[in-house]
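Q: Okay, here's the prediction I keep looking at, along with the sequence it came from:
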Amino acid sequence: MYNIAFIYEEKGEYAPREGYPFIKRNNIAAIITCQNEYLLLQFNNVNYSKSLVTGGIEQGEDRITAVRREVIEETGYKDIESIEPVDCVNISKFFVEHKGENREAIYYPYLVRLHSKNKGTIDEAELAEHECVWVPEAELDSIDIFANHRQMIQASKKQVQPLTLKDVKTNN
């Protein structure tokens with residue numbers, strides 16, 4: 001089902017660094033939308049670009065469970081309408097400053113639609129690390145976001161959106 005859409009190696013300040021180990025991880029990337037806006041993370045203590053919600057897939061955990069867990073842990077949003085896979089895989093190599101390691105990350109992106117922006121509580125450690133920023137879809141192109149995250153958002157927009165029962169007209 002998944003196509004490798006792109007392989008990405010960061011350049012500049014996020015480029016892999018010599019002398020640091022490469023940690024390989026399978027990750028999800030949650031492209032969260034609600035009311036024609038996209039949710040991005042803005043990190044507080046490091047000079048990162050804005051980011052999608054991402055996180056590792058735990059041992060024995062399926063990807064949908066990982067998406068749901070990461071969205072709730074990192075954002076507090078629980079009112080999830082749908083979680084749909086995006087038909088691509090992103091392999092990225094980069095340096096994770098706040099963890100002091102290089103990563104070779106395989107990202108499985110998912111489009112997450114929220115019913116509402118009703119928010120639960122977030123763990124203090126997550127609050128200290130980043131804040132949630134809602135960006136109108138029309139402003140996405142002007143936002144400083146990781147290049148590979150931008151490409152995953154673009155891939156999600158190219159997918160055919162599933163029909164719902166209200167979209168289907170019947171002759172009855």
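A: Happy to help now that I have it.

Q: ok, which stretches of this structure are strands?
A: For the chain, applying DSSP state E gives strands covering 4-9, 22-34, 37-43, 53-56, 80-85, 89-96, 101-114, 130-136.

Q: I'd like those strands laid out as TSV, including mean neighbour count, mean pLDDT and distance to Ser142.
A: Where you see a C-beta, it was placed from the backbone N, CA and C, and this is true even at glycine. Formatted as TSV, the strands of the chain follow (neighbours: other CB atoms under 10 Å; pLDDT from 0 to 100; distance: least, CB to CB, whole Å):
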stretch	mean neighbour count	mean pLDDT	distance to Ser142
strand 4-9	15	80	21
strand 22-34	19	96	18
strand 37-43	20	95	13
strand 53-56	19	95	21
strand 80-85	15	96	26
strand 89-96	19	92	22
strand 101-114	20	96	21
strand 130-136	15	95	9
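
Q: Put together CSV for the ones you listed, with distance to Ala147 on each row.
A: What follows is those, written out as CSV (distance: least, CB to CB, whole Å):
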stretch, distance to Ala147
strand 4-9, 7
strand 22-34, 13
strand 37-43, 14
strand 53-56, 14
strand 80-85, 21
strand 89-96, 9
strand 101-114, 13
strand 130-136, 16
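
Q: what's the closest of the ones you listed to Ala15?
A: Of all the strands of the chain, it is strand 89-96 that lies closest to Ala15, at 6.4 Å by CB to CB.

Q: who does the closest one pair up with?
A: Using DSSP bridges, the strands paired with strand 89-96 in its sheet are strand 4-9 (parallel), strand 101-114 (antiparallel).

Q: got a list of what the nearest residue to Glu9 once chain neighbours are set aside touches?
A: Once flanking residues are discounted, Glu9 sits nearest to Lys93: 4.5 Å by CB to CB, 6 or more residues apart in numbering. For Lys93, the contact set (CB atoms under 8 Å, 6 or more residues apart in numbering) comprises 8-10, 16, 22, 102-105.

Q: repeat for Val71
A: Val71 is in contact with 30, 32, 53, 77, 80, 112, counting by CB under 8 Å, 6+ apart.

Q: now do Leu40
A: 50-52, 132-135, 143, 145.

Q: any idea how far it is from Pro16?
A: Separation of Leu40 from Pro16 (CB to CB, to the nearest Å): 23 Å.
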